[in-house]
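>>> just coords:
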C-alpha cells in the first residue's frame, strides 16, 4: 500500500486503475510530451499499460510515482514521486529518481511545487530515501526551475541514452540534479 499525502490543495496517493482517463488526457497531449521524448499515447489501453507498469514498480520496488488529485474536486492532475532506477543513468544505478508530470490545465498553478514538497518530505522523513536525484531535458527551463525551487542542486548536463518507461531509448541532453545532504535532514517549504 502506497501513502496518502494531503497538502492544502492536493491529495497524493497511489495510481489506481480508475486513473486511466486522467493518464490518457495527460499523456495523449503532445505538449506534455514536448521534453519527454516519447510519443504521446494514442489509446486508452496505453494509459492502462502505463498504470500497470507503475503499479508493478510498487510490487517490485516498494515505490513508484503517485497520483496527484485536486482535493476539492478529486480531479486527476498528474503524478509525482519516486522511481527506483535500476538501469544506469549518468553513472548511477539503483538510485531514486524524483519526478513529476502534470496535465496541461494544471500547469502554472504551483501544483508541481506543492506536490513535490510533500512528496520529498515523505520520501526523506518516512521512507528515508537517500540519495535522491532528478533529471530533466536541458531545454525544459520550467522543470529545471521547479527542481531548484524544491532544493535540488544542478550537477551537470549529460547525454542520456537509457530506457524510458516504454518505447525505444532516446539519445538526448539531460540535466542531472541531486538533492544535497542538508535537505535530507530538514525538508523545507
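Good, I have the coordinates. Every value quoted in this text rests on a predicted model; they were computed, and no experiment measured them.
>>> Now do the helices in the chain.
Listed in chain order, the helices of the chain (DSSP state H) span residues 20-27, 44-61, 111-121, 141-149.
>>> so what's residue 69 bridging to?
Counting by DSSP bridges, residue 69 is bridged to residue 11, residue 76.
>>> what number of residues lie near it?
For residue 69, the neighbour count with other Cβ atoms under 10 Å is 20. Using the backbone N, CA and C atoms, a C-beta is placed for each residue, glycine as well.
>>> and residue 31, how many neighbours does it have?
10.
>>> again, but for the one 4 residues further on
Under the neighbour criterion other Cβ under 10 Å, residue 35 is assigned a count of 17.
>>> same thing with residue 104?
Burial measure for residue 104: 13 neighbouring residues, criterion other Cβ under 10 Å.
>>> Can you give me the distance of it to residue 26?
8 Å (Cβ to Cβ, to the nearest Å).
>>> swap in residue 155?
Taking Cβ to Cβ as the measure, residue 155 falls 28 Å from residue 26.
>>> So between these two, which is more surrounded?
Neighbours per residue (other Cβ under 10 Å) separate residue 155 from residue 26, with residue 26 holding more: 25 against 13.
>>> Touching, that one and residue 101? I think so.
Yes: Residue 26 is within contact range of residue 101, at 6.6 Å (criterion: Cβ atoms under 8 Å).
>>> Give me the common contacts of these two.
Contact criterion Cβ atoms under 8 Å, 6 or more residues apart in numbering; residues shared by residue 26 and residue 101: 32, 78.
>>> circling back to that earlier point, check the contact lists of residue 104 and residue 26 and give me the overlap.
Common neighbours of residue 104 and residue 26, using Cβ under 8 Å, 6+ apart, are residue 32.
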